[in-house]
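Peer 1: quick one: sequence and predicted model below, then my questions.
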Amino acid sequence: MILSKLKKNKCETGKIRNGTIIVTQSCDVKCDTCGKIYRRKYYNVISGYRQYNKDLCRGCKQEIAYTLGLRTSCIQIWSRKQSGKTLEQILGVEKAKLVKEKFSKNSSGKNNPNYGGKYCKFEKCHEDAKGKTWEQRFGIDKANKIKHKLSISSSGENNPMFGKPSPKKSGNGWKGRFNGIYFRSILELKYMMFLTESQIQFNKAEIIKYRIDYIDPISGNKRTYSPDFYLPKTDQIAEVKPEKLINTTYNKAKFNAAKERFGKRFIIIIEKDIPNYSSAVIKEYIDKGLIIFDKIYLQKFKEYSNVS
């Protein structure tokens with residue numbers, strides 16, 4: 001059923017000429033089978049009506065063609081009905097196995113269209129470059145240009161990790177979870193143990209709310225830094241760091257930026273501020289399931305602590 005008001009041809013005086021309808025105009029049509037509203041040129045609507053004796057959308061036309069066995073429409077309908085299914089669900093286990101074996105045979109070895117790297121030279125280039133420096137491959141001038149370009153494209157805000165906390169597997173510290181909260185060093189673990197035993201509530205501060213922007217003191221690029229913990233009761237932001245690392249160039253830049261933003265709320269926790277829990281105490285927490293080291297660090301703990 002045509003829903004649009006159809007325009008008719010007019011003569012030069014503006015009067016309707018012979019009452020004929022403009023066949024090239026687009027009109028809204030309602031499918032007589034499914035009720036879908038679609039848009040077609042008027043001449044296509046008339047052509048379809050003459051063929052099916054009703055106004056039909058494309059999908060309903062395909063369904064009719066499918067029942068009549070017309071090849072093109074059969075493939076379209078069949079493909080639509082098999083969408084999301086595995087080959088085993090479509091053909092059955094035995095036939096699917098035969099089809100996969102045939103596909104594998106037809107695309108393996110010399111039967112593969114890209115056999116020998118016809119279309120892709122990556123493997124050959126990779127082998128030629130193996131064990132060579134960029135200077136050996138491209139020469140000093142071109143190698144320096146490539147390095148400089150890569151440095152710019154991955155520095156500061158161009159770095160994909162800009163504004164994000166460090167990945168959980170990064171760094172050299174001992175990693176795991178304490179009561180479900182991730183830690184990246186033994187010092188962080190002991191601080192969480194101390195807070196828990198002292199009944200002091202704490203949250204990880206590695207979220208945007210506490211993120212600190214600072215300038216890299218060497219490259220001058222913009223960087224971000226996330227402190228370790230937030231203590232709600234005292235409204236403090238705590239960074240846990242070994243004393244010997246506090247005055248390194250990068251850490252001084254980060255901590256100065258944190259003090260500018262948070263003032264006295266920002267505190268640095270070092271070894272002397274935390275009880276030195278023994279390996280036996282840590283083992284008790286492990287046995288209770290409160291401490292779960294990452295696999296490699298659990299083995300290291302057993303080796304270094306002599307606690308089985």
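Peer 2: Received the coordinates, thanks.
Peer 1: for the stretch 101-250 of the chain, what spans make up the strands?
Peer 2: Using DSSP state E, counting those that start in this stretch, the strands of the stretch 101-250 of the chain run over residues 176-178, 181-183, 203-204, 212-215, 222-225, 229-231, 236-240.
Peer 1: per-residue pLDDT, residue 73?
Peer 2: We have a pLDDT of 57 for residue 73.
Peer 1: Serialize the strands of the stretch 101-250 of the chain to TSV and add fields for mean pLDDT, mean neighbour count and distance to residue 113.
Peer 2: The C-beta positions use only the backbone N, C-alpha and C, and glycine is treated the same way. Formatted as TSV, those follow (pLDDT from 0 to 100; neighbours: other CB atoms under 10 Å; distance: least, CB to CB, whole Å):
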stretch	mean pLDDT	mean neighbour count	distance to residue 113
strand 176-178	90	19	49
strand 181-183	89	18	47
strand 203-204	91	14	51
strand 212-215	90	16	51
strand 222-225	87	19	47
strand 229-231	94	20	57
strand 236-240	94	20	57
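Peer 1: any chance of those strands in CSV with distance to residue 132 as columns?
Peer 2: Formatted as CSV, the strands of the stretch 101-250 of the chain follow (distance: least, CB to CB, whole Å):
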stretch, distance to residue 132
strand 176-178, 40
strand 181-183, 39
strand 203-204, 44
strand 212-215, 36
strand 222-225, 32
strand 229-231, 46
strand 236-240, 42
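Peer 1: of those, which is nearest residue 107?
Peer 2: strand 181-183 (44.3 Å; CB to CB).
Peer 1: so what strands line up beside the closest one?
Peer 2: strand 176-178 (antiparallel) (DSSP bridges).
Peer 1: closest to residue 298 out of the strands of the stretch 101-250 of the chain?
Peer 2: strand 176-178 (7.6 Å).
Peer 1: run the chain-centre distance for that closest one.
Peer 2: 25 Å (CA atoms, centre = their mean, to the nearest Å).
Peer 1: break the chain into its domains for me.
Peer 2: Structural domains annotated on the chain: 8-81, 176-305, as defined by automatic domain parsing.
Peer 1: can you tell me which of those is most buried?
Peer 2: domain 176-305 (a mean of 15; mean count of other CB atoms under 10 Å).
Peer 1: from the chain's centroid, how far away is that one?
Peer 2: With CA atoms, centre = their mean, you get 27 Å for domain 176-305.
Peer 1: low-confidence bits of the stretch 201-308 of the chain, can you list those?
Peer 2: The model of the stretch 201-308 of the chain has pLDDT under 70 over residues 306-308.
Peer 1: can you pull out the helices in the stretch 101-250 of the chain?
Peer 2: 122-129, 134-138, 140-153, 186-197, 249-262 (DSSP state H, counting those that start in this stretch).
Peer 1: how about TSV for those, with distance to residue 94 added?
Peer 2: What follows is those, written out as TSV (distance: least, CB to CB, whole Å):
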stretch	distance to residue 94
helix 122-129	36
helix 134-138	52
helix 140-153	52
helix 186-197	55
helix 249-262	63
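Peer 1: weakest of those helices in terms of mean pLDDT?
Peer 2: helix 122-129 (a mean of 59).
Peer 1: which one of the helices of the stretch 101-250 of the chain lies nearest to residue 293?
Peer 2: With CB to CB as the measure, helix 186-197 is the member of the helices of the stretch 101-250 of the chain nearest residue 293 (9.0 Å).
Peer 1: packing partners for the closest one?
Peer 2: strand 176-178, strand 181-183, strand 229-231, strand 236-240, helix 279-287 (3 or more CB pairs under 8 Å, 6 or more residues apart in numbering; DSSP states H and E).
Peer 1: try it again at 6 Å.
Peer 2: strand 236-240 (3 or more CB pairs under 6 Å, 6 or more residues apart in numbering; DSSP states H and E).
Peer 1: run the angle between the strand it packs on and helix 186-197 for me.
Peer 2: Strand 236-240 and helix 186-197 are oriented at 140 degrees to each other (axes from the mean of the first three to the mean of the last three CA atoms, to 10 degrees).
Peer 1: quick check: angle from strand 236-240 to helix 249-262?
Peer 2: Using the same axes, to 10 degrees, strand 236-240 lies at 170 degrees relative to helix 249-262.
Peer 1: which strands and helices lie in contact with strand 236-240?
Peer 2: Contacts defined by 3+ CB pairs under 6 Å, 6+ apart place strand 236-240 against helix 186-197, strand 266-269.
Peer 1: rerun that using 10 Å as the cut-off
Peer 2: Secondary-structure packing of strand 236-240 (3 or more CB pairs under 10 Å, 6 or more residues apart in numbering; DSSP states H and E): helix 186-197, strand 229-231, helix 249-262, strand 266-269.
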